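Trainee: Okay, sequence plus prediction incoming.
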Amino acid sequence: MLAIPTQGLAADSATARRDAEEYAIASCLVAQSEPFLENQGDAVGSVVIQRGNIELDGLAGINKSVEREMAKGEIPIIRSESGSDQTLPVLYCIEIIDKLQVRKAIEEAVAQHGATAD
């Protein structure tokens with residue numbers, strides 16, 4: 001009987017999932033109006049692509065799901081007693097990975113990784 005090293009597969013899957021989540025966050029940051037956030041998103045996205053743990057098709061699906069989610073315009077805002085409300089783009093981009101369609105795209109990209117790793 002052939003033994004399959006499940007620990008290695010789990011680590012690969014965990015690495016792929018982390019990269020997919022990071023790419024989703026990066027896709028969100030790139031779309032922000034603040035140049036610093038945009039630059040950071042671009043840099044993180046580039047690192048994920050260079051790692052090569054997720055197929056480009058999977059990354060494209062993640063990006064599209066993030067764009068659809070962002071089109072809803074549900075960015076959190078903190079209300080201040082002084083009346084100067086502040087948007088929270090970093091919090092929004094961190095939490096975007098938990099949105100249903102984004103999570104689905106992440107899991108599909110990770111599944112593609114598992115299928116191509118065989």
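Mentor: All right, it came through fine. Numbers count the residues shown, from 1 in each chain.

Trainee: Just the buried positions in the top helix by length along the chain, please.
Mentor: Using DSSP state H, we find that the single longest helix of the chain is helix 6-30. Neighbour-count burial for helix 6-30 flags 13, 16-17, 19-30 (criterion: 16 or more other CB atoms under 10 Å). (C-beta placed from N, C-alpha, C; glycine too.)

Trainee: so which pair among those residues is furthest apart in space?
Mentor: Ser13 and Val30 (25.8 Å; CB to CB).

Trainee: For the residue nearest to the spatial centre of the chain, give me its contacts.
Mentor: Centroid check for the chain by CA atoms, centre = their mean gives Ala24 as the closest residue, at 1.8 Å. Residues in contact with Ala24 (CB atoms under 8 Å, 6 or more residues apart in numbering) are 62, 65-66, 96-97, 102, 105-106.

Trainee: again, only using 10 Å
Mentor: Shown in contact with Ala24 (CB atoms under 10 Å, 6 or more residues apart in numbering): 45, 48, 59, 62-63, 65-66, 69, 93-94, 96-99, 102-103, 105-106, 109.

Trainee: can you tell me how far Glu21 sits from Arg103?
Mentor: Distance of Glu21 to Arg103, given as CB to CB, to the nearest Å: 9 Å.

Trainee: can you list residues touching both of the two?
Mentor: 96-97.

Trainee: Run through who's touching stretch 95-102.
Mentor: With CB under 10 Å, 6+ apart as the test, stretch 95-102 has contacts from 17, 20-25, 27-29, 61-62, 64-70, 72, 74-76, 88, 103, 105-106.
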